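S.K.: sharing a sequence plus its predicted fold:
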Amino acid sequence: MTRPPDPSEALRAMATALAPLLVPLILEALRGATSAPLVDIAAAVPASRRSLYRAARAGEIAGAVRVARRWCAPRESLDAWLRARGPRLVEAPEDERDELERVRARLAAGNRKSQRRKVR
């Protein structure tokens with residue numbers, strides 16, 4: 001009975017054959033990755049780690065790589081991602097809006113009374 005060929009031998013032969021072609025590609029990728037310094041995403045942006053890491057994992061932040069247990073990205077791509085998201089208005093719940101209106105009205109009324117007293 002013949003033994004099937006060992007898969008590790010086949011992989012080793014394939015790696016030996018592809019090495020001359022892959023080495024220049026790997027070196028070029030490493031040179032390109034080191035051209036811009038990487039910053040820790042969570043330390044650079046004042047937002048929740050969960051949302052930042054989700055965006056990095058989804059590929060929304062260009063050039064983001066996982067280093068140990070942190071996500072890092074070039075500062076330029078992080079800034080571009082922040083600019084693309086832009087500021088967004090968040091609607092307040094109806095009950096909070098009513099409370100804020102009452103506070104604003106009291107403050108506005110209080111300021112008018114104090115100004116009238118000074119004028120007289």
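M.R.: Looks like it arrived, so ask away.

S.K.: determine the longest strand present in this structure.
M.R.: Determined from DSSP state E, the single longest strand within the chain is strand 70-74.

S.K.: what's the following helix or strand past that strand packed up against?
M.R.: Using DSSP states H and E, the helix or strand that directly follows strand 70-74 along the chain is helix 75-85. Contact analysis of helix 75-85 by 3 or more C-beta pairs under 8 Å, 6 or more residues apart in numbering; DSSP states H and E lists helix 41-44 as its packing neighbours. (Each C-beta comes from the backbone N, C-alpha and C, glycine too.)

S.K.: what sits up against the helix it packs on?
M.R.: For helix 41-44, contacts defined as C-beta atoms under 8 Å, 6 or more residues apart in numbering pick out Arg49, Leu52, Tyr53, Ala56, Ile61, Ala64, Arg70, Trp71, Cys72, Ala73, Arg75, Leu78.

S.K.: check stretch 77-86 too.
M.R.: Val39, Ile41, Ala44, Val45, Ala55, Glu60, Ile61, Ala62, Gly63, Ala64.

S.K.: would you turn the contacts of helix 41-44 into CSV with neighbour count, distance to Glu99 and pLDDT?
M.R.: What follows is those, written out as CSV (neighbours: other C-beta atoms under 10 Å; distance: C-beta to C-beta, whole Å; pLDDT from 0 to 100):
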residue, neighbour count, distance to Glu99, pLDDT
Arg49, 13, 31, 90
Leu52, 23, 32, 92
Tyr53, 17, 34, 93
Ala56, 23, 37, 93
Ile61, 24, 37, 93
Ala64, 23, 40, 90
Arg70, 15, 40, 88
Trp71, 21, 38, 91
Cys72, 21, 42, 89
Ala73, 25, 40, 91
Arg75, 13, 40, 90
Leu78, 24, 37, 90
